[in-house]
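[1] here is my input; please provide its structure:
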Amino acid sequence: MSAPHLADLAAQTVALTACGVIFWRTEPVLNRMSRCTFRLVWLAFFLLVAGSFGGICWILTGYVPAWPTVVLIAGVALLLLCERRVRVFARGARMAGGEGVK
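    Model (predicted):
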């Protein structure tokens, strides 16, 4: 394989992995949101789920994302991996102690 093909394959691999992480971390959060969740928060998570699913579909059909896009997707995925309390973004979420988020 020549160098451009390896770069394309690397971009696809990193973006596909990052889109998978984003989908894996945000889809359950979206399903647990209630009607009390702020619409802007719901919309943000909906767009993350839809965008990551669309990214997975496009990459599997052979699309090669640009490197700035790959870096952005990887950054979002790392942010979601680091945040262990994604539930706190939903109003009315319960913590382990049974107290609501204030």
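[2] top helix in the chain by residue count?
    Ranked by residue count, the top helix of the chain under DSSP state H comes out as helix 3-32.
[3] could you pull out the buried residues of that one?
    Judged by neighbour count using 16 or more other Cβ atoms under 10 Å, the buried positions of helix 3-32 are 11-12, 14-16, 18-23, 25-26, 29-30. Yep, even glycine has a C-beta here, placed from its N, CA and C like the rest.
[4] now find how far off-centre it is within its chain.
    8 Å (Cα atoms, centre = their mean, to the nearest Å).
[5] V76 - how many residues pack around it?
    Using other Cβ atoms under 10 Å, V76 is surrounded by 19 other residues.
[6] and it, what is it in contact with?
    V76 makes contact with 18, 22, 48, according to Cβ atoms under 8 Å, 6 or more residues apart in numbering.
[7] OK, contacts around the first one?
    For A18, the residues meeting the contact criterion (Cβ under 8 Å, 6+ apart) are 70, 73-74, 76-77.
[8] then the last one?
    Contacts were defined as Cβ under 8 Å, 6+ apart; by that measure L48 touches 22, 26, 76.
[9] could you find the residue nearest the spatial middle of this protein?
    I22 (2.2 Å; Cα atoms, centre = their mean).
[10] pLDDT at the nearest residue in space to it that is not next to it in sequence, what is it?
    Spatial nearest neighbour of I22, chain neighbours left out: S52 (3.9 Å); criterion: Cβ to Cβ, 6 or more residues apart in numbering. What the model reports as pLDDT for S52 is 96.
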